[in-house]
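Undergrad: sequence plus the predicted model coming up.
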Amino acid sequence: MDIRLLQPSDIPHVQHANITNLPENYFMKYYLYHALSWPQLSYVAVDVSRPKKSPYDYPRIVGYVLAKMEEDPPDGVQHGHITSLSVMRTHRRLGIAEKLMRQSRMFPFQTYNLSESKERHSGKENRLMDIERAMVETFGAQYVSLHVRVSNNAALRLYRDTLGFKNEKVEAKYYADGEDAYSMKLDLGFIR
Ligand code: ACO
């Protein structure tokens, strides 16, 4: 499994994963806007175990995180935002979502071998997340935010227990089907 930065050519496959895994879907141009505006912030997980049949064979994207900077922050504070994260059902509970969110600074522009990740992330320094570090160092982010359905236990546990996000508030009827969202935040002061 390789975890690497999103490239524009990945976008149709990321869109496919998003449509498969989540009811919140986006136009192609919105993915492209992320990739072109904040190329340091979005990552994909690629299953490299499947042999390439030809040089034109497409990568098998099994997970992605799409992230951006909030362009007009209502509180006036620069911050990042996780737009969307998902992992294909066939590849869940393997630590892929955590790895997508928690990138080692040592390998920012290289592919990343999942089997070696536990060791690399055992040191405190390496526990910092590349996405968040890029938000702070490149864009001056003070925190990172996201929304998650109140019923989404898997994602809640990932964000709260594994990654340290805090519940800020409940946003009533945030989703199109009327479900409430937790608005969650991770303070990035620890990186500065
Ligand atoms: N039940 C309980 N806890 C879970 C579950 C689950 N099914 N899945 C993950 N977790 C928590 C656990 O704490 C886990 O740590 P552990 O394995 O040591 O117990 C931790 O998250 C990390 O798990 P990963 O293996 O990295 O998570 P995975 O790769 O399976 O992806 C995800 C988790 C992204 C939530 C996946 O289930 C998914 O794609 N769900 C559908 C899409 C979705 O809900 N996306 C999030 C929407 S919110 C947003 O996009 C901002």
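TA: Yes, it's here.

Undergrad: can you name the residues of this protein sitting close to the ligand?
TA: Selection of the chain residues close to the ligand by C-beta under 6 Å from any ligand atom yields 21-22, 82, 84-87, 92-98, 146, 148, 152-155, 157-158, 161-162. C-beta here means a position set from N, CA and C on the backbone, and glycine is covered the same way.

Undergrad: put the buried members of these into a ChimeraX selection.
TA: Entered in ChimeraX, the line below selects the buried ones among those, by 16 or more other C-beta atoms under 10 Å:
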select :21,82,84,85,86,87,95,96,97,146,148,155,158
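
Undergrad: hmm, who's touching stretch 166-177?
TA: Stretch 166-177 is contacted from outside by 23-24, 145, 147, 149-150, 160, 179-187, using C-beta atoms under 8 Å, 6 or more residues apart in numbering.

Undergrad: what about 10 Å?
TA: Stretch 166-177 is contacted from outside by 23-24, 143, 145, 147-150, 156, 159-160, 178-187, using C-beta atoms under 10 Å, 6 or more residues apart in numbering.

Undergrad: tell me which residues touch the nearest residue to Arg60 once chain neighbours are set aside, please.
TA: With sequence-adjacent residues excluded and distances taken as C-beta to C-beta, 6 or more residues apart in numbering, Arg60 is closest to Asp47, at 4.4 Å. Residues near Asp47 by C-beta under 10 Å, 6+ apart: Met1, Asp2, Pro59, Arg60, Ile61, Val62, Gly63, Met88, Thr90, His91, Ile96.

Undergrad: next one: Asp10
TA: Arg4, Ala17, Tyr31, Ala35, Ser42, Tyr43, Val44, Val46, Tyr58, Pro59, Ile61, Tyr64.

Undergrad: helix/strand/coil for the last one?
TA: Using DSSP: H, G, I helix; E, B strand; the rest coil, the three-state assignment for Tyr64 comes out as strand.

Undergrad: how many other residues sit next to it?
TA: Here the count is done by other C-beta atoms under 10 Å, and Tyr64 has 30 residues near it.

Undergrad: mind listing the residues bridging to it?
TA: Residues in a beta bridge with Tyr64, per DSSP bridges, are Val44, Ser86.

Undergrad: pretty sure it is touching Val14, no?
TA: Yes: between Tyr64 and Val14 there is a contact under C-beta atoms under 10 Å: 4.6 Å.
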